[in-house]
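> okay, here's the prediction I keep looking at, along with the sequence it came from:
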Amino acid sequence: MMKPGQIRELSVDEMSARIVELEEERFRLKFRSATETLEDPLRLRVIRRDIARIKTVLLEQKTKQTKAGAVRAGGR
């Protein structure tokens, strides 16, 4: 499980790459869970939540950039 502080230390490219990796792992686990029992079924939940955390931090950063750009441009 990744903590939000750890995620914020990553660059945007690293976060995007991490999302892709986690989504691939999630796909493989979901596919495997349909045919056999998983060793760690909670791993699916952890992956799903990590993806959500990373996407949330990305959105926070985009929002900060947008607000900073609006302030520099003289708007709100």
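Perfect, I can see it now.
> what segments of the chain are helices?
Assigned by DSSP state H, the chain shows helices spanning 4-8, 12-35, 42-73.
> for this protein, which spans come out with low pLDDT?
Residue ranges of the chain with pLDDT under 70: 75-76.
> ok so, going back, redo the helices of the chain as CSV? Include mean neighbour count.
From N, CA and C alone the C-beta is placed, and that goes for glycine too. Converted to CSV, these look like this (neighbours: other C-beta atoms under 10 Å):
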stretch, mean neighbour count
helix 4-8, 12
helix 12-35, 13
helix 42-73, 13
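> residues contacting the most centrally placed residue in the chain?
In the chain, the centroid-proximal residue (C-alpha atoms, centre = their mean) is I54; its distance is 2.5 Å. Going by C-beta atoms under 8 Å, 6 or more residues apart in numbering, I54 touches M2, I7, M15, R18, I19, L22.
> skip the chain neighbours and tell me the closest residue to the fourth one.
Closest residue to R18 apart from its sequence neighbours, by C-beta to C-beta, 6 or more residues apart in numbering: I54 at 5.9 Å.
> likewise the fifth one?
Nearest in space to I19, with sequence neighbours left out and distances taken as C-beta to C-beta, 6+ apart, is I54 at 5.4 Å.
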